[in-house]
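Asker: Below are the sequence and a predicted model; questions follow.
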Amino acid sequence: MDLEKVEVPATVRGHFGTDLVQRRSRIAAERRSADGTRKVLIAFDGGGTVEAVLMPSFRADRAAGCISSQIGCPMGCDFCASTVGGLERNLEAGEIVEQFLHLRAMSRAAGRRLSSVVFMGMGSRC
């Protein structure tokens, strides 16, 4: 099925602008490294922030992303700022997807394809 050619009834299209939320997050801050790595702080409407990272690949047309699954972390590792406040909450699926969408847009704007994604913030104490 070619999704670009699917016709949506007018009654449904009318709800797109009023009932559907496009994004519930925004890029609150960004830092760029000399090697082209971009770290962004993503703030969610429901509260909390996470860091996502876009890293250029050795191939000029690709990039790799690093996204978060949690706000904070319970592990307590000395080298990581995410553990300072402990685990605040797990992210909702839509919040994780939004991080990907932000990184994909950044990657495309740089003329690259986001070709791989890894997750941060998956620590747990059992």
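Answerer: The structure has been received and is ready for your questions. These numbers were taken from a predicted model, which means no experiment stands behind them.
Asker: show me where the chain has helices.
Answerer: Secondary structure of the chain (DSSP state H): helices at 10-19, 93-109.
Asker: Single out the most deeply packed of those helices.
Answerer: Counting by mean count of other CB atoms under 10 Å, helix 93-109 has the highest mean neighbour count of those, with a mean of 17. Where C-beta positions appear, they are placed from N, C-alpha and C, glycine not excepted.
Asker: ok, and what's touching it?
Answerer: With contact meaning CB atoms under 8 Å, 6 or more residues apart in numbering, helix 93-109 is reached by 23-25, 27, 38, 40, 42, 44, 50, 52, 54, 63, 65, 67-69, 113-114, 117.
Asker: Could you report the pLDDT at residue 5?
Answerer: Here the pLDDT value assigned to residue 5 is 68.
Asker: ok, now residue 72?
Answerer: pLDDT, residue 72: 82.
Asker: for residue 24, what are its contacts?
Answerer: For residue 24, the contacting residues are 44, 45, 46, 94, 95, 98, taking CB under 8 Å, 6+ apart as the criterion.
Asker: ok, those vs residue 10, which is closest?
Answerer: When the contacts of residue 24 are ranked by distance to residue 10 (CB to CB), residue 94 comes first, at 26.4 Å.
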